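Colleague: Got a predicted structure plus its sequence, pasted below:
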Amino acid sequence: MKKSSYAEIRIKRDGKAMTVPFCELKEGDETIAPGYPHLVCVGDAHDCGDASCDSLVVYDKDGEGFFPEDFMPTPAGVDAVFMQFPPDSGCCKADLTRLMGLLGVEQSDGDSMPFELLRVEGENAYAIGLVKEDVASRNDFDDSLDGAFFSGIRAIMNDLNLETDDGRYKVAGVDTLLVCSNEKH
């Protein structure tokens, strides 16, 4: 089980406030951590069931899936965030909002810092990603389809053995986070 599965989540269970690891979320638990998604779990945390994603997921009453990363602080130093999707699914507003939150692009004035939106095709999945504009504008950043950055993301998507417990990678010199989509499978 990934380390992120043990991310501590502040919840209310049977009327009592407590902190539990994500992997121990149960049906009826209500998340109450300020600054993180608020939901009432429809079922227990469980394997997402997608071969392209080795993670736990829990769903809310609207069928939206939440992963441990949704309840963790934005990792310091991350300059790009990608979300992996099955080939037959699409990206929705909630996915983009999640990506923006994970990248930490929202500023205190309600605006967001500029970013580049990229799509990388893998063998059995694709990924949508955001790269901070200041990183994308570097002279040595190559966002071409055959460039080192795209090739690195593609390699991780195509080989489960390259995946890390925390989803963090150094891809062509860019600190990158790769997460799973919220799509219910």
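Modeller: Here it is on my side, so go on. Numbers count the residues shown, from 1 in each chain.
Colleague: so where do the helices sit in the chain?
Modeller: 93-103, 133-136, 148-158 (DSSP state H).
Colleague: list the buried ones in the last one?
Modeller: By neighbour count on 16 or more other CB atoms under 10 Å, the buried set for helix 148-158 is 149-154, 156-157. Heads up, the C-betas are built off the backbone N, CA and C, glycines and all.
Colleague: go on, stretch 93-104?
Modeller: Quick answer for stretch 93-104 (16+ other CB under 10 Å): 95, 98-104.
Colleague: Check stretch 115-128 too.
Modeller: Buried residues in stretch 115-128, counted by 16+ other CB under 10 Å: 115, 118, 120, 122, 125-128.
Colleague: Export those as CSV, with columns for distance to Met72.
Modeller: As requested, the buried residues of stretch 115-128 are exported to CSV (distance: CB to CB, whole Å):
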residue, distance to Met72
Phe115, 20
Leu118, 23
Val120, 23
Gly122, 24
Ala125, 22
Tyr126, 24
Ala127, 19
Ile128, 20
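Colleague: Turn these into a markdown table, columns for pLDDT.
Modeller: Below are these laid out as a markdown table (pLDDT from 0 to 100):
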| residue | pLDDT |
| --- | --- |
| Phe115 | 87 |
| Leu118 | 91 |
| Val120 | 93 |
| Gly122 | 92 |
| Ala125 | 90 |
| Tyr126 | 93 |
| Ala127 | 93 |
| Ile128 | 94 |
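Colleague: Restricted to strands, list those residues.
Modeller: 115, 118, 120, 126-128 (DSSP state E).
Colleague: Now for the residues you listed: which two are most distant?
Modeller: Phe115 and Tyr126 (18.4 Å; CB to CB).
Colleague: Just confirm Pro114 contacts Leu130, I think it does.
Modeller: No: counting by CB atoms under 8 Å, Pro114 stays clear of Leu130, with 10.1 Å between them.
Colleague: Would you mind telling me which of the two has more residues around it?
Modeller: Using other CB atoms under 10 Å, the more surrounded residue of Pro114 and Leu130 is Leu130, with 22 against 11.
Colleague: How about the more buried one: which residues does it bridge to?
Modeller: With DSSP bridges applied, Leu130 shows beta-bridge pairing to Val81, Leu117.
Colleague: and it, how far is that from Val174?
Modeller: Going from Leu130 to Val174 by CB to CB, to the nearest Å gives 12 Å.
Colleague: Quickly list what's touching both of the two.
Modeller: Listed contacts common to Leu130 and Val174 are Ala80; contacts here mean CB atoms under 8 Å, 6 or more residues apart in numbering.
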